[in-house]
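Undergrad: Fold the following.
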Amino acid sequence: MFRNEKASISRAPNEITFHPATLAGMALVAALLSLLERRLEHSPEFPVGLLLGQLTVLATVLLNGLFLILGGEADYHLMVMLTIIVHLPLAVIEGVVLGFIIEFLARVKPEMIGWSSETGSRSQESEVGGQKSEVGKEAIRL
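TA: Below is the predicted model:
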């Protein structure tokens, strides 16, 4: 009897998290946020860097955990969970730093990340007296 109560308690959070109404609500929020992001017309450099930074840290941790669980003779499940939890804030920090670096490089030297000057984030061009002047390009070249 005690075993059944323990199993029902441990499954209760998963039943709420993976309930179809919860999943539909999360999908709706994600769709609304992506539409809002499109309407704001932000440049894609920072989100791309954020995604790449977070995915590299999380993929590294997941591969580490996979090899510990499958290759070890001892039970490393607790160690793997602890490693994943510790690396979550590091993944956020890595994503933010890489996002700012990619955004900066797209503005300053887009060919360094494989983009042409025309596809950089913000063109920094302004119309002054009928002539186009590139703001900041001369300062960058110095």
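Undergrad: so what does the longest helix belonging to the chain touch, helix or strand wise?
TA: Counting residues, the longest helix in the chain under DSSP state H turns out to be helix 77-108. Applying 3 or more CB pairs under 8 Å, 6 or more residues apart in numbering; DSSP states H and E, we find helix 77-108 packed against helix 45-71. Bear in mind the C-beta positions are built from the backbone N, C-alpha and C, glycine included.
Undergrad: Buried residues of the helix it packs on, list them for me.
TA: Using 16 or more other CB atoms under 10 Å as the test for burial, helix 45-71 gives 45, 46, 48, 49, 50, 53, 54, 57, 58, 61, 65, 68.
Undergrad: what's the answer for stretch 105-119, then?
TA: 105, 106, 107, 110, 115.
Undergrad: again with stretch 16-26
TA: So for stretch 16-26, nothing qualifies as buried (16+ other CB under 10 Å).
Undergrad: I'd like the distance from that stretch to the chain centre, please.
TA: Offset of stretch 16-26 from its chain centre (CA atoms, centre = their mean, to the nearest Å): 22 Å.
Undergrad: Any chance you could give me it in CSV, C-alpha atoms only?
TA: C-alpha atoms of stretch 16-26 as CSV (Å, rounded to 0.1, in the frame of the first residue of the first chain):
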residue,chain,number,x,y,z
ILE,A,16,-0.1,18.3,-14.5
THR,A,17,3.0,19.3,-16.6
PHE,A,18,2.1,17.0,-19.5
HIS,A,19,-1.6,17.5,-19.4
PRO,A,20,-2.9,18.5,-22.9
ALA,A,21,-4.4,21.8,-21.6
THR,A,22,-1.0,22.8,-20.1
LEU,A,23,0.8,21.9,-23.3
ALA,A,24,-1.7,23.8,-25.4
GLY,A,25,-1.4,26.8,-23.1
MET,A,26,2.4,26.8,-23.4
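Undergrad: Report the rounded mean pLDDT for that stretch.
TA: The pLDDT scores in stretch 16-26 average 83.
Undergrad: contact partners of it?
TA: Under the contact criterion CB atoms under 8 Å, 6 or more residues apart in numbering, stretch 16-26 has no outside partners.
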